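1. sequence first, predicted coordinates after that:
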Amino acid sequence: MPDYVQRRHGRYWVENPAHPAENFTDKWNEYPDRRRAFVDWHKSITTTLESLAGSHGLGLHKIVATLEKGFPGSDAVRASADRYGDQIRQVREDARLHVARSGSLTTSATAANLIRRHQFYGAATPASD
């Protein structure tokens, strides 16, 4: 994104592709704090996306933690993760969740292994007095 920011005659300029005479960053020239806010935002989102790219295979909880850190104060990440977890639980309980040969979860009936219902057998019984 920063590669699209030009300097024309000492002014910041991002050309509108549909209207080349329009400058998307015209207010940056009047209000320098807006440019600084963009630079800070870009650095933050780049860091978040790089962290996400490096979290492949580490689990959904790591992805959610990275997104929550990248978007502080928003309940959208947690709500989305909770909704996804509920959907996965529901398809598992409906005996529609399988593990593909690649190891990914799927609802495809042609996948190799059905994920069975959790029974949690083997829990210790309380000792009697």
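-> Nice, thanks for sending it over.
2. quick one, longest helix in this protein?
-> The longest helix of the chain (DSSP state H) is helix 32-53.
3. contacts for it?
-> Contact partners of helix 32-53, identified using Cβ atoms under 8 Å, 6 or more residues apart in numbering, comprise 1-2, 12, 25, 27-28, 63, 66-67, 69-71. No exception for glycine: its C-beta is placed from N, CA and C like everyone else's.
4. quick one: the next helix or strand along the chain from that helix to helix 32-53, angle?
-> Using DSSP states H and E, the next helix or strand after helix 32-53 towards the C-terminus is helix 60-70. Using axes from the mean of the first three to the mean of the last three Cα atoms, to 10 degrees, the inter-axis angle of helix 60-70 relative to helix 32-53 is 170 degrees.
5. quick one: mean pLDDT for helix 60-70?
-> For helix 60-70, the mean pLDDT works out to 90.
6. kindly report the same for stretch 37-46.
-> pLDDT averaged over stretch 37-46 gives 94.
7. which stretches of this structure have low pLDDT?
-> The chain contains residues with pLDDT under 70 at 109-129.
8. show residues contacting stretch 69-78.
-> With Cβ under 8 Å, 6+ apart, stretch 69-78 has contacts from 44-45, 47-48, 51, 64, 67-68.
9. again, 7 Å this time
-> Contact with stretch 69-78 is made by 44, 48, 64, 67-68, as judged by Cβ atoms under 7 Å, 6 or more residues apart in numbering.
10. same question for stretch 2-10.
-> By Cβ under 7 Å, 6+ apart, the list of residues contacting stretch 2-10 from outside reads 12-14, 25, 42.
11. mind doing that once more with 8 Å?
-> Outside stretch 2-10, the residues that touch it by Cβ under 8 Å, 6+ apart are 12-15, 25, 39, 42.
12. and the end-to-end length of it?
-> With Cα to Cα, to the nearest Å as the measure, stretch 2-10 spans 16 Å from end to end.
13. list the buried residues in it.
-> For stretch 2-10, the neighbour count (16 or more other Cβ atoms under 10 Å) marks residue 5 as buried.
14. this completes my enquiry, with thanks.
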